[in-house]
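Visitor: the amino acid sequence is not available; the structure is as follows:
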């Protein structure tokens, strides 16, 4: 049957068979009424299973991804794609059969369009030329080098070595969910998703490849062998397979269908990470037919063919996790499309794998299945739909899930590689911009403490969000090198958020990391009582996470980050530092090959043919921000382009290139020599620096002049950055060991000695509340506000993101003032479990200004070199020019009153706070959030302030307030006074608790000394009697050296110590019992009866 006839048949059968069904199941009464299908615009991204509300896994609110369907049917190859894929034809048929009673008007319009377009496709159908010639490229598309061709050097080599010897490199040797994973027949997986081994292997393989560690290479080989053994001989399915062919959807009820589809989604999704791991191993190991590298390639292809067969047969579909993370599947398909005969120039081809030319088309149609059955991220990240702040627990869904958003960033870039237009990559830029705009944090990440959490600095970011965002940005920048901001963001994550969440020795990590944090540990061990005592202790501060999410340890909160964070550093080396374009060699194009230095870190790359040779980047960046990027080229076969990213933070007017002969060029001149340097975001500045290499061996230097930048906070304050580094005030803290988990998340019976869990508690006596003073917010004004200090480590290899000042020698010094009123609020919020939610500074009160006469120099460190920190601080302007800039960029407070308040602090330093962008900062900023906090013992939490609401009025009435409002303000003033008194009471209560603790320690000390004195009395008495009895027999008696004299001096010292402690005890007693003043205080009596015994020498024995 021809294509046209086939498609007309599909269309006719769809209208007849599926008019009363959706996905092969009878429509429930509620769904038939249209309750399941929201409006096409402003779609509520909320997961409801067809049988009613259900936990994850579930289906999206609408079963139709209309943008994907439009794109599919508008594709020139639509006819061939639909003919190759019954699963896609089924999806289109369902969408074409929506009737009036099935959905709202907009979906009826979409369905009508699909029906008419399907008729057009059928009428125009003709055999597609699968081997058509590629058109010349509108722009270059870079790809990552072959895994293993990039090696870290300098400080980065040390970081990867610590990762290899730490948790990331040891999981396969002791961690039960990995060593004994159910995925390979074990019994210790921590979740039915079976993600443990696939995640861990996805990090282990690139770590072994970039370090060259023989132990890791053997672990990788052994783990891959175990995985391949699970592949069924006849089907190719990887891992456990509990879905035999006989279990089809047509034989299942709706509820059973959704339950089983959800479970199968987990079964599919866990394979996505595994497929990425196997693709990496195939590329790294290479080899010929029968060798392990080629066996990985064959296993990946066989699994995808089997998955396609099951999708076409209606045995499964992408739902929930696999539907949300469909872009990871497209990444693997892209790799297969670029390497159709195996890695490294097709050394693995086995003719028995592809039984016909249609096999290749079937794999390509798999990407369209992922696009159509996948989540509609295009609409989610649109201005009309994307959430602009914290999402409450009642609205959580897989769309709002932080890691899903991090993975989805790359959907546009991945889709544009082969299956869509190059412009589709722009959707990745839009996604990242939306996340930063509405949820961005000083750390460079976005707020997602399990679900999107807004931009407040106390909100957390899951470590999985960090590493998955890095992976997405690596892919996005490769697709869009004209947007250097993507690589800038990748550097910020790698040099700030990632190292801050991992301990110096790489054995511990956090699940959630805060930009402002004075505590990392367990929130409240007493909040789970009664019937809930046996349930997991959930956070009262963050999203859907446990109470231990900020602790450092083996598997705080949930083990997903334990097995997934390992990919962060090695994939940065393998996929992010260097990008390669062969000039269209495989496509028959004759362009000049190009190597792009994307992320700056010390490393070297071995180049493929036709260029060959090696390029090394020698640098201490980012620890020496003003140092050069020194490119050393060895054995190159010219000509080719060496491209260098021009960061958005660079001052190109002061930056320069130094050529092999010592010649100097401004950056803009070298960038303009090539059409490759255009900047998509800022046309007036280059995106790439182009170095035209004409010599076999040469050395080039690039020096980017850095600009200090202030990043405004969402509602208050700002953070200071230089290049990719964010700076924070580190908080001195104590480290307390926590008991290890002995459950399914625990380390097993024989963990390495380095495995531990820790709680970090900031010293409550240290000063946290600072406000930074700047002379201006850009240019010379800001630069003059900051003094950079670069220490000298003992060796370059010691450089690291670490709390060790020798390893992380970079610091900056700024002028800052204490803010006593804010400090009192911080102290008031401090509880026995630490302040997980630090209150906002009192931005809008004339009587709660910073201590402007306390200006001093404040040292700040890179964010990645801190564990507890304050990275977002109030920023004060010290000049009229800076004041004007702050008002323009950050937004004014409110009207003339705010301008008047800005002058209250005097001419030298204004109290205008940088970043007060909220429409109306009010007294509410003083009220700390009570979630997760406890008042000190015996004191209740303060009541929230109830503020008067001011209606808009004309300018002429601005100075006259209604009587009711004046009364409300007076009440509010009294509430503020009560709150201030409450804060003072809190401080006094804390001091009293400290003194009581000191008193207890003194009592113990006095009791111990009393015991010692009693023993000394007994010994002295016995020895003295002996000397008395034997004095006549002794020939010489020196009273200065006799045992009796020694005992006399010793007991005298003890008595002096007891006297000193008695004085201290008296002082403590007076503090704790002021009513007892003047009354004698009883002291503990020494044990025994210390009577003086006269010896023969006349002294006390």
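Guide: All right, it came through fine. None of these values were measured; they are calculated from a predicted model.

Visitor: wasn't residue 82 part of a helix?
Guide: Yes: under DSSP: H, G, I helix; E, B strand; the rest coil, residue 82 falls within a helix.

Visitor: so residue 507 touches residue 757, yeah?
Guide: No: contact criterion Cβ atoms under 8 Å: residue 507 and residue 757 do not qualify, at 10.5 Å. For every residue, glycine as well, the C-beta is placed using N, CA and C.

Visitor: mean confidence for the helix or strand encompassing residue 282?
Guide: Element membership of residue 282 [criterion: DSSP states H and E] is helix 254-285. In this model, helix 254-285 carries a mean pLDDT of 74.

Visitor: which elements pack onto the helix or strand following that helix?
Guide: Using DSSP H and E, the helix or strand that follows helix 254-285 in sequence is helix 292-312. Helix 292-312 is packed against helix 86-96, helix 214-229, helix 254-285, helix 326-338, helix 358-373, with contacts defined by 3 or more Cβ pairs under 8 Å, 6 or more residues apart in numbering; DSSP states H and E.

Visitor: mind putting those into TSV with mean neighbour count and distance to residue 553?
Guide: Output for the helices and strands packed on helix 292-312, formatted as TSV (neighbours: other Cβ atoms under 10 Å; distance: least, Cβ to Cβ, whole Å):
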stretch	mean neighbour count	distance to residue 553
helix 86-96	24	44
helix 214-229	17	23
helix 254-285	23	23
helix 326-338	22	28
helix 358-373	22	36
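
Visitor: now stretch 72-83: buried residues?
Guide: When neighbours are counted by 16 or more other Cβ atoms under 10 Å, the buried residues of stretch 72-83 are found to be 72, 73, 75, 77, 78, 79, 80, 81, 82, 83.

Visitor: check contacts around residue 599.
Guide: Each residue near residue 599 by Cβ atoms under 8 Å, 6 or more residues apart in numbering is listed here: 487, 490, 491, 494, 572, 576, 577, 645.

Visitor: wasn't the fourth one part of a helix?
Guide: Yes: inclusion of residue 494 in a helix is indicated when three-state DSSP is applied.

Visitor: number of residues surrounding the residue lying closest to it once chain neighbours are set aside?
Guide: Closest residue to residue 494 apart from its sequence neighbours, by Cβ to Cβ, 6 or more residues apart in numbering: residue 572 at 5.3 Å. Using other Cβ atoms under 10 Å, residue 572 has 31 neighbouring residues.

Visitor: so which of the helices and strands packed on helix 292-312 is nearest residue 629?
Guide: The closest of the helices and strands packed on helix 292-312 to residue 629 is helix 254-285. By Cβ to Cβ, the value is 27.4 Å.

Visitor: hmm, who's touching stretch 297-309?
Guide: With contact meaning Cβ under 8 Å, 6+ apart, stretch 297-309 is reached by 85, 87, 228, 231, 235-238, 268, 271, 275, 278-279, 282, 316, 332-333, 336, 339, 342-343, 348, 350, 353, 359, 362-363, 365-366, 369.

Visitor: I'd guessed residue 164 sits against residue 217; true?
Guide: No: counting by Cβ under 8 Å, residue 164 stays clear of residue 217, with 10.7 Å between them.

Visitor: now do the end-to-end distance for stretch 851-865.
Guide: One end of stretch 851-865 sits 28 Å from the other (Cα to Cα, to the nearest Å).

Visitor: for it, buried residues please.
Guide: The neighbour-count check on stretch 851-865 (16+ other Cβ under 10 Å) flags 852, 855, 858, 860, 861, 862, 863, 864, 865 as buried.

Visitor: Serialize those residues to a markdown table and add fields for pLDDT and distance to residue 703.
Guide: A markdown table is the format used below for the buried residues of stretch 851-865 (pLDDT from 0 to 100; distance: Cβ to Cβ, whole Å):
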| residue | pLDDT | distance to residue 703 |
| --- | --- | --- |
| 852 | 80 | 39 |
| 855 | 85 | 34 |
| 858 | 92 | 29 |
| 860 | 94 | 24 |
| 861 | 95 | 24 |
| 862 | 96 | 21 |
| 863 | 97 | 24 |
| 864 | 96 | 23 |
| 865 | 96 | 24 |
